[in-house]
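Asker: A predicted structure for the sequence below; I have some questions about it.
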Amino acid sequence: MSATKEPEAMSNESLVFAPANGASGRDSSAGRVTGFARRFIRNRNAAIGASLLLLLVLAAVLAPTVAPYSPTAQFTDEAMHAPSQKFLLGTDTIGRDYLSRIIFGTRISLMVGAISMTIASIVGVTSGLLAGYYGGRLDTLVMRIMDAVLAFPSLLLAIFIVAVLGPSMVNAMIAVGITYTPGFARITRANVLSVKEKEYIEAARAIGSTDRRILFRHVLSNCLSPLIVQFTLGVGYAILVEASLSFLGLGVQPPTPAWGQMLGFGRDFMTMAPWLTTFPGIAIFLTVLSFNFVGDGLREALDPRLQERSGR
């Protein structure tokens, strides 16, 4: 398996939320939320992706209830059993129900994707805020570090980090998080450079607001739109990279079920038992596709140029 290239940086200008008080402020906020929801739902691909993502989240949360068997239970007399009424997706080489393992693997994939992107967003957004706001040597230092990270292909860098830290799910999340940190840093810095010159930032400085308050209350709040899109798209790519690591034996370790690991175990039996690679591959494909659809829908719904054309 190979990881897809890093998510493309968002170039559109983020929304500016002017402070509002009282009922008019609440009505304005409600109107923005309603308009966003309407634009998002109108996007057919986004609606499909959101529905599929909801099903995946429900499967992950309700895995012990909806899975027919334990993911580690072995039916040794029925190893390599083809899909049937008893085992809807067949069994693996040691007789474990494949449907149950795929359902429990949903938990692992979503958790790894969300946590790794949380790591990347916290480190990247903080670095981008400080670099863009203060500039100078700090900006140069932070951006050169991010450029150095970007110089390595995402999967190769993740493999190197996991090889140094040791193969495990936690180390895989750290590796993926580090790999995608530069994307958040560069997007945040680009938006901060634009936002910090606005009049309301100068007004906040004039009334004595601290840099911390300006950064997190005024600057960051107006950079959230592209960051939300980047996070959503990034989760899909993180799941793909984690599956690649698990496929190589560097990610989630047995007996914990993981889609990439299941692909790795089934690759030697593709002609004898094609379901061993087909169903985990479909699960990875649908999950990454759903995050891409949702991310594209969010990008269109949050695009200020589309809002202007719609009169909002």
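Answerer: Done, it's in. Numbering: from 1, shown residues only.
Asker: Double-check that P83 belongs to a helix.
Answerer: No. P83 is assigned coil when assessed by DSSP: H, G, I helix; E, B strand; the rest coil, not a helix.
Asker: I figured D77 was touching G95, is that so?
Answerer: Yes. Using CB atoms under 8 Å, D77 makes contact with G95 at a distance of 7.2 Å. No exception for glycine: its C-beta is placed from N, CA and C like everyone else's.
Asker: Give me the more crowded residue out of the two.
Answerer: Of the pair D77 and G95, G95 is the one with more neighbours under other CB atoms under 10 Å, namely 16 against 7.
Asker: Pick out the residue nearest the middle of this protein.
Answerer: Centrality entry for the chain: nearest residue to the mean C-alpha point is V235, 1.3 Å, by CA atoms, centre = their mean.
Asker: quick one, longest helix in the protein?
Answerer: Assignment by DSSP state H gives helix 98-134 as the longest helix of the chain.
Asker: what about the helices in the stretch 151-300 of the chain?
Answerer: Using DSSP state H, counting those that start in this stretch, the helices of the stretch 151-300 of the chain run over residues 154-165, 169-179, 181-195, 199-206, 211-213, 224-247, 259-266, 275-302.
Asker: for the stretch 1-150 of the chain, same thing?
Answerer: Listed in chain order, the helices of the stretch 1-150 of the chain (DSSP H, counting those that start in this stretch) span 22-42, 44-61, 63-66, 98-134, 136-150.
Asker: Let me know which of those helices is tucked in deepest.
Answerer: Of the helices of the stretch 1-150 of the chain, the one with the most neighbours on average (mean count of other CB atoms under 10 Å) is helix 98-134, at a mean of 22.
Asker: Could you list every helix and strand that that one packs against?
Answerer: Under the contact criterion of 3 or more CB pairs under 8 Å, 6 or more residues apart in numbering; DSSP states H and E, helix 98-134 touches helix 44-61, helix 63-66, helix 136-150, helix 169-179, helix 181-195, helix 224-247, helix 259-266, helix 275-302.
Asker: Touching the second one from outside, list them.
Answerer: Helix 63-66 is contacted by residues 59, 103-104, 106-107 when judged by CB atoms under 8 Å, 6 or more residues apart in numbering.
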